[in-house]
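> whatever this is, show me its structure:
(chains A and B, ligands or ions: 2)
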Amino acid sequence: MSLRQRLLIGLAVLFALIAIVAPVAAILTRAFGDGLGAWWSAIVEPETLHAIWLTVLTALIVLPINIVFGIAAAWAIARFRFPGRRALLILIEIPFAVSPVIAGLCFLLIYGAYGPVGAPLMNEGIQLMFNLTGIVLVSLFVTCPFVMREVLPVLQVTGEDEEKAALTLGANGWQIFRHVTLPNILWALVHGAILATARAMGEFGAVSVVSGAVRGQTMTLPLQVELLYNDYNTTGAFAAATVLTALALVTLMLRSAIAAVHPEAGGRT
Amino acid sequence: MSFVVQDIAKTFGGQKVLESVSLSVEKGEFVALLGPSGSGKTTLLNIIAGLTQPDGGRLEIDGEDITRLPSGARRFGMVFQSYALFRHMTVADNIAFGLRVLPRAQRPGRAARAEKVKALLELVEMPELGNRYPAQLSGGQRQRVAMARALAIDPRLLLLDEPFSALDAKVRQSLRSSVRSLQKKVGVSAILVTHDQAEAWALADRVAVMNRGRIEQFDTPEMLRGAPATSFVADFLGIDMLER
Ligand SMILES: Nc1ncnc2c1ncn2[C@@H]1O[C@H](COP(=O)(O)OP(=O)(O)O)[C@@H](O)[C@H]1O
Ligand SMILES: [Mg+2]
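Ligands and ions are numbered 1, 2, ... in the order given. The predicted structure is shown next:
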């Protein structure tokens, strides 16, 4: 191994230590600094428990919508030439390009109580922002590209002939999807769904704008962590952060497990 | 069974890919579409299979107009150039697919399906390979599975798109004769797409020579070689018009 190679590897390790290992270690030492008991009582604080519940609930609502939308969009783009196809391809990347806070503000402007969509609905007694609906809407916005981006390349290189063969053999649309398309894209789909879920659970900026930050009601975990920290409740903040960290680590392990078994599904990030 | 293609036309983005193509296939007959790459052979086969809609013209089987009939309702068995085997299914499940997706009332039971798969595996001479996956087969074996899968639906017409092009020369020779004998044994009419004239001569009763979306001549191999109708046919078959 040349000196240059060693230097490069050393730099990479150093970077990983500074950027990844040190913060995680800091979270863990702070969270467990006052003992396991203090950590546990911080977790079971009603407000923190509610934040965990709200975060999981949001992820669970967003997940199936992401899956259906992601597959539909990827399939349409991979298999058909239609007007607006290129526009859809660009449009779907917007959530990656726009700052989440800006996205949250846009949602507030349009769907808020004084917005063009929000105001008429408000008169009907339907409130879209500062509640679960708002949180779900912006979470959908920031996560909608993931599934499509994972599934599309797989659909583009595989399965078109198989789908045609199934068609000539008399299969209907659902049978083709169930028996031919889905098995082909399954692991890419799972991979995209995991990424989207991790993002939904960790999103801070967009959610903080539309949630209204009502204590014990519209606080997701990332918001709750900040709230506790600003309250000088360090143990509480870091305990809540351990839950987020654990969710992230589970995601990471699921991803590498899939990449190990199905290299064709993972890999790209 | 008699199959008629009448004045089929197709345009892709302003480019005329097929112009007034007509063709007929008699019961049990083997017809080859022969022509250079890009002459429209695959497009014509896809239109016959119902995978592409023609802009004009008519398809008829035993007098029944099937131009607008959905692909699955035509009961035409198709062997794709890539074979298009379902990679997540075993060989047996691949072959049984066309039976499994039938509406409940017409679907044979599990035992009947297994019986049929077994018979087809024997027909294509791979009786022990039902539990394999496509990735575990040789090119020649994949082609035979694709044949068996297409035959499983008791097709009214067998469509073959360059079924030998992915194989090496030796396997190609032996599979050629086995495809022809299979087709004879089953008694199904067949249309083969190829750019290789040796293949057309070896397999077909009649050959349609295609050029730029038109059929230049549709005749028996003897007539094509003995009396090429156009200079393109003569050139393509390598016949020197002046020497004759
Ligand atoms: N889906 C399509 N869209 C646009 N052009 C196509 C499409 N399919 C085929 N073509 C064009 O039609 C012509 C004939 O193609 P094809 O039928 O595949 O020829 P062959 O099978 O004889 O090689 C080619 O010029 C090809 O580029
Ligand atoms: Mg072709």
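> going forward, measure contacts and count neighbours with C-alpha atoms only.
OK.
> can you tell me the residue of the stretch 151-269 of chain A closest to ligand 1?
residue A:160 (12.3 Å; Cα to the nearest ligand atom).
> packing partners of the helix or strand where residue A:31 lies?
According to DSSP states H and E, residue A:31 maps onto helix A:22-32. Secondary-structure packing of helix A:22-32 (3 or more Cα pairs under 8 Å, 6 or more residues apart in numbering or on different chains; DSSP states H and E): helix A:36-43, helix A:234-261.
> 6 Å instead, please
Packing partners of helix A:22-32 (3 or more Cα pairs under 6 Å, 6 or more residues apart in numbering or on different chains; DSSP states H and E): helix A:234-261.
> and the longest helix seen in chain B, average pLDDT?
Assignment by DSSP state H gives helix B:169-186 as the longest helix of chain B. Here helix B:169-186 scores 91 as its mean pLDDT.
> contact distance from chain B - what residues of the stretch 51-200 of chain A qualify?
A:161-162, A:167-171 (Cα under 6 Å from any Cα of the partner chain).
> and the residues you listed, which is closest to residue A:195?
Of all those, residue A:162 has the smallest distance to residue A:195: 28.1 Å, by Cα to Cα.
> just the C-alphas of the helix or strand where that closest one lies, formatted as PDB.
Using DSSP H and E, residue A:162 sits within helix A:160-168. C-alpha atoms of helix A:160-168 as PDB (Å, rounded to 0.1, in the frame of the first residue of the first chain):
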ATOM      1  CA  GLU A 160     -40.600  -5.200 -20.100                       C
ATOM      2  CA  ASP A 161     -40.400  -8.300 -22.200                       C
ATOM      3  CA  GLU A 162     -41.600 -10.400 -19.300                       C
ATOM      4  CA  GLU A 163     -44.600  -8.200 -18.900                       C
ATOM      5  CA  LYS A 164     -45.300  -8.500 -22.600                       C
ATOM      6  CA  ALA A 165     -45.000 -12.300 -22.400                       C
ATOM      7  CA  ALA A 166     -47.400 -12.400 -19.500                       C
ATOM      8  CA  LEU A 167     -49.800 -10.300 -21.600                       C
ATOM      9  CA  THR A 168     -49.700 -12.700 -24.500                       C
END
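> for residue A:64, which three-state class applies?
helix (DSSP: H, G, I helix; E, B strand; the rest coil).
> any idea of the pLDDT on it?
At residue A:64, pLDDT is 97.
> burial of the residue of the stretch 51-200 of chain A found nearest ligand 1, as a residue count?
Across the stretch 51-200 of chain A, the shortest distance to ligand 1 (Cα to the nearest ligand atom) belongs to residue A:81, at 9.5 Å. Look at residue A:81: counted by other Cα atoms under 10 Å in any protein chain shown, it has 10 neighbours.
> tell me the secondary structure at it.
coil.
> repeat for residue B:192
Going by three-state DSSP: residue B:192 is strand.
> so it is in contact with residue B:32, correct?
Yes - using Cα atoms under 6 Å, residue B:192 is in contact with residue B:32, at 4.6 Å.
> which residue comes closest to whatever residue of chain B ends up closest to chain A once chain neighbours are left out?
As assessed by Cα to the nearest Cα, chain A sits closest to residue B:72 within chain B, at 3.6 Å. Spatial nearest neighbour of residue B:72, excluding adjacent residues (Cα to Cα, 6 or more residues apart in numbering or on different chains): residue A:170 at 3.6 Å.
> in a helix, the one you found, correct?
No - counting by three-state DSSP, residue A:170 is not part of a helix but coil.
> what pLDDT does it get?
pLDDT, residue A:170: 97.
> please apply the same query to residue B:166.
Taking residue B:166 on its own, its pLDDT is 86.
> tell me what residue B:210 is bridged to.
With DSSP bridges as the criterion, residue B:210 is bridged to residue B:215.
> that one against residue B:35, yeah?
Yes - because the distance of 4.7 Å satisfies Cα under 6 Å, residue B:210 is recorded as touching residue B:35.
> residue B:16 in helix, strand or coil?
Strictly by three-state DSSP, residue B:16 counts as strand.
> neighbours around residue A:82, how many?
Neighbourhood size, residue A:82 [other Cα under 10 Å]: 9.
> what sits against it?
Residues near residue A:82 by Cα atoms under 6 Å, 6 or more residues apart in numbering or on different chains: none.
> look through the stretch 51-200 of chain A and state the residue closest to chain B.
residue A:170 (3.6 Å).
> for residue A:79, see how far away that residue is.
Going from residue A:170 to residue A:79 by Cα to Cα, to the nearest Å gives 19 Å.
> more neighbours, these two?
Set residue A:170 next to residue A:79 and count neighbours by other Cα under 10 Å: residue A:170 wins out with 26 against 12.
> more neighbours: which of residue B:192 and residue B:32?
Set residue B:192 next to residue B:32 and count neighbours by other Cα under 10 Å: residue B:32 wins out with 27 against 24.
> other SSEs contacting the strand or helix carrying that one?
Element membership of residue B:32, judged by DSSP H and E, is strand B:30-34. Strand B:30-34 is packed against strand B:189-194, strand B:206-211, with contacts defined by 3+ Cα pairs under 6 Å, 6+ apart.
> to residue A:37, which of those lies closest?
strand B:189-194 (75.7 Å).
> okay, the angle between the closest one and helix B:169-186?
Going by axes from the mean of the first three to the mean of the last three Cα atoms, to 10 degrees, strand B:189-194 is angled at 160 degrees with respect to helix B:169-186.
> list the buried residues of strand B:189-194.
Buried residues in strand B:189-194, counted by 16 or more other Cα atoms under 10 Å in any protein chain shown: B:189-194.
> in TSV: the residues you listed, plus pLDDT and distance to chain A.
Below are the buried residues of strand B:189-194 laid out as TSV (pLDDT from 0 to 100; distance: Cα to the nearest Cα, whole Å):
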residue	pLDDT	distance to chain A
B:189	97	16
B:190	97	15
B:191	98	15
B:192	98	16
B:193	97	16
B:194	96	18
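> before we move on, back to that, so which of the residues of the stretch 51-200 of chain A next to chain B is the most crowded?
residue A:169 (30 neighbours).
> tally of neighbours for the closest residue to that one other than its chain neighbours?
With sequence-adjacent residues excluded and distances taken as Cα to Cα, 6+ apart, residue A:169 is closest to residue B:98, at 4.8 Å. When neighbours are defined as other Cα under 10 Å, residue B:98 has 26 of them.
> just checking: what are the partner strands of the strand holding residue B:32?
On the basis of DSSP bridges, the sheet neighbours of strand B:30-34 come out as strand B:189-194 (parallel), strand B:206-211 (parallel).
> show me where chain B dips below the pLDDT cut-off.
For chain B, the stretches with pLDDT under 70 are B:240-244.
> contact residues of it facing chain A?
Residues of chain B lying near chain A (Cα under 6 Å from any Cα): B:71-72, B:84, B:98, B:101.
> just the buried residues of the residues you listed.
Buried among those (16+ other Cα under 10 Å): B:71-72, B:84, B:98, B:101.
> farthest-separated two in those residues?
Counting by Cα to Cα, the most remote pair of these is B:84 and B:101, 17.1 Å apart.
> those helices in chain B, which residues are they?
According to DSSP H, the helices that chain B contains are B:41-49, B:71-74, B:91-100, B:110-123, B:139-151, B:169-186, B:197-203, B:221-226, B:231-237.
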